[in-house]
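# Structure for the following, please:
(one chain, ligands or ions: 1)
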Amino acid sequence: MEIIVADKAGFCFGVNRAMDLALEAGEEKPDSVYTLGPLIHNPQAVEKLTKAGIKQTDNIDDVGDDGVVVIRSHGVPPGVIASAEQKEIDVVDATCPFVKRAQQKVQKLKEAGYTVIISGDKNHPEVRGILGHIDNQATVIEDESDFDELPKAKKIGIVAQTTQSVDNLRKLVNHLLGEIKQLEVHNTICNTTEQRQEEAAVLAQKVDVMIVIGGYNSANTNRLAKICQENGAKTFHIESAEELQLSWFKNIKKVGITAGASTPNWIIKEVVKRMTEEIKEQSTESEELFARNEIVTGVVKEVTEEGVLLDLDGQEGFVPVAEFESETVNEDLTPEDELECFVINPDKEGQVLLSAKKAKAWRKVEELHEANEIIEAEIAREVKGGLVVDIGLRGFIPASHVAIEYVEDLSDFVGETMELQIIEVERENNNVVLSHKVILEAEESKKKQEVLDSLEIGETITGEVTKLVDFGAFVELGGIEGLLHISEISWDRIEHPSVVLEEGEEIEVKILDINKEEERISLGLKQTQPDPWEKFVEAYEVGDIVEGKITNTVEFGAFMEIESGVEGLIHISEISHEHIAEVEDVLETGDKAKAKIINIDLDDKRVGLSLKELEEKKSTSNQQQSNKKSTAVQEKGEEGIAKIGDVFGDLFNE
Ligand code: F3S
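I've put the predicted structure just below:
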């Protein structure tokens, strides 16, 4: 049974640091150090701390005046540290720097007026700590089942719990993309977690059984176990080596081991030891000295016309003449020479049956794989699920790796020479997998980078509309696609991109933003056309009466189109002198209305309108009517322009 331990198993940087800081504090002030909650989610590690005289409490009042409190890597709300400092208790802050980053991000988002969403588990102490940094003013969304709790807002900022799954965060962002005008996403998922999860997923696909080690109450260990299961391995979650059961490994060839971020290395070592020593010993399987598909080196004992006899550490091995490259025995071989061979059969009538040519071929394939080299090979035949090539060994190209797009009929490729890259080598399973697709993708990505490097923000270029979607249009820019968001298509409010654009159409667009790392380009079409706002400010001023159509009603008011591409807001408090419960009681989308301009905000390009001021106008004297501009000055302050906050309160901040 082969045991593979994941590279990224066990203590992460943050937990390691927290353990070190706690043990250091314990040495300096024995019996005075407390951790606030269990320092890490692993009972064995907690026991180690207890033995070192470090106590655990949930209440800061338990810590004496000369005591020390250790904040664990999950972090805490700022109030906890403040109350410890108020009591003059020493604080050792072992909050992981990655958690700190998430805490700072939410604060910044809140200060910038964003409605904050935390992608994570609302009951996890890390999430409670992050929430505490913004007075609990955020919505916590764990996965799709929470989507109906999503807030409605124009500006949404997202951060993630450091141990959140990338998939959950991606689904949340995709759900909001296109819905929210201003969406700012901070991927605060810890890299270590991401790498650990990716590695576990890959390992789980290769083995029959996965052992996941870590505390049962550790969120990241539970997630690891789930990922392993989802990737096809029979998965067992254990806390220690004692829980291993012999029956799990019956007739099993490969076992993978991974461990959560709070699992100490000594526990992983104990598990591996127990599996290799005890379980292997007790296994009823009879082990042979050599394994099939292994590469071994033997010493030549005798060269005959039929082949070569080798000594393999006391066991006899034989290479038939047909198993040499030229199908004749190398004449230079003499007794005592060393020869590398591939094991075809570990026990053929008392001898190990070997192949010299297969050993050479495997070595070559392994080298090419290691160097990521591109080779050329002729497609030999089509088989179920892909194509077969002869590269000295049988190589398999899965159908999904023949081209970037799905290919329905593979038979056309038979007999053709194809550029290929070896993507998987598993000698023990006689498996070599090749891909043509990865070469095409690398070329495509290179081309994309070249186009990205040649583009500049602010530049106007021609592109072709390739796809219309609800939230915008994709535009091909000669090797890379850019996104033209619906809000950037027209100065007018449009229901769907198809109102203005057609697939296949060539358009001139302005480059608004380039994200080289994520290969994303944001485009604008309306920016290539005159801005109606400029015409508007030249033609109108505060106090003017305007006519227009109601384009939308919301809880706090109604939007009215004054000119094509310019809308003003009639706040609910500006509709009538009478109390209005619902905007729709008075105004409906499509209604025509007459309103007075009470505010023009040049910075934010916003116009405030009032209906009630016109009601007032009906009952005022003729003299007041002729002095409408001076009335506006009196009502709205000395500068004659009302501040947006005077009219809308803090609605825009919301
Ligand atoms: Fe920190 Fe990442 Fe570990 S957030 S505590 S290094 S899992």
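# With just CA atoms, put stretch 101-108 into CSV.
This file holds the C-alpha atoms of stretch 101-108, laid out as CSV (Å, rounded to 0.1, in the frame of the first residue of the first chain):
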residue,chain,number,x,y,z
ARG,A,101,-6.3,42.1,6.6
ALA,A,102,-10.0,41.1,6.4
GLN,A,103,-10.8,43.2,9.5
GLN,A,104,-9.1,46.2,7.9
LYS,A,105,-10.8,45.7,4.5
VAL,A,106,-14.3,45.7,6.0
GLN,A,107,-13.5,48.9,7.9
LYS,A,108,-12.3,50.6,4.7
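# how about the residues of this structure near the ligand?
Neighbours of the ligand within the chain, by CB under 6 Å from any ligand atom: 12-15, 73, 96, 98-99, 162, 190, 192-193, 261. In this view, the C-beta of every residue, glycine as well, is placed from N, C-alpha and C.
# among those, which are in helices?
Among those, DSSP state H puts 13-15, 98-99, 192-193 in helices.
# nearest to residue 271, of those?
The closest of these to residue 271 turns out to be residue 15 (CB to CB; 18.1 Å).
# wait, the closest one sits on residue 73?
Yes: with contact defined as CB atoms under 8 Å, residue 15 counts as touching residue 73 (5.6 Å).
# okay, and the common contacts of those two?
40, 96 (CB atoms under 8 Å, 6 or more residues apart in numbering).
# re earlier: which of the residues of the chain next to the ligand are buried, as a PyMOL select command?
To isolate in PyMOL the members of the residues of the chain next to the ligand that are buried, counting by 16 or more other CB atoms under 10 Å, one can use:
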select buried, resi 12+14+15+73+96+98+99+162+190+192+193+261
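# ok, the residues of the chain next to the ligand vs residue 487, which is closest?
Minimum distance to residue 487 across the residues of the chain next to the ligand is 32.4 Å, recorded for residue 162 (CB to CB).
# Pull the contacting residues for the residue lying closest to the closest one once chain neighbours are set aside.
Distance criterion CB to CB, 6 or more residues apart in numbering; nearest residue to residue 162, sequence neighbours excluded, is residue 190 at 4.0 Å. For residue 190, the contacting residues are 12, 14, 96, 98, 162-163, by CB under 8 Å, 6+ apart.
# Output the ones in helices among the residues of the chain next to the ligand in CSV; the columns should cover pLDDT.
CSV is the format used below for these (pLDDT from 0 to 100):
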residue, pLDDT
13, 86
14, 90
15, 88
98, 93
99, 95
192, 85
193, 81
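# ok, these vs residue 594, which is closest?
residue 99 (55.9 Å).
# how much space is there between the residue of the stretch 101-250 of the chain found nearest the ligand and residue 16?
For the stretch 101-250 of the chain, the nearest residue to the ligand under the criterion CB to the nearest ligand atom is residue 190, separated by 3.0 Å. For residue 190, the distance to residue 16 (CB to CB, to the nearest Å) stands at 13 Å.
# got any residues that touch both of those two?
Here residue 190 and residue 16 share no contacting residue, scored by CB under 8 Å, 6+ apart.
# Could you pull up the residues touching the residue nearest the centre of the chain?
The chain has residue 166 as the residue nearest its centroid, 3.7 Å off, counting by CA atoms, centre = their mean. By CB under 8 Å, 6+ apart, the residues touching residue 166 are 189, 194, 197.
# Now do the same for the second one: its pLDDT.
The score at residue 194 is 80. That number is its pLDDT.
# number of nearby residues for it?
By other CB atoms under 10 Å, 17 other residues sit near residue 194.
# how far away is the nearest residue to it once chain neighbours are set aside from residue 193?
Leaving aside its sequence neighbours, residue 194 sits nearest to residue 166 (CB to CB, 6+ apart; 5.8 Å). Going from residue 166 to residue 193 by CB to CB gives 9 Å.
# Spell out which residues are contacts of both of the two.
Common contacts of residue 166 and residue 193 (CB under 8 Å, 6+ apart): none found.
# ok, now which ones touch residue 603?
By CB under 8 Å, 6+ apart, the contact set of residue 603 is empty.
# what's the answer for residue 169, then?
By CB under 8 Å, 6+ apart, residue 169 lies in contact with 119, 158, 160, 185, 187, 189.
# Check which helices and strands the longest helix belonging to the chain sits against.
In the chain, taking DSSP H as the definition, the longest helix is helix 437-454. Contacts defined by 3 or more CB pairs under 8 Å, 6 or more residues apart in numbering; DSSP states H and E place helix 437-454 against strand 417-426.
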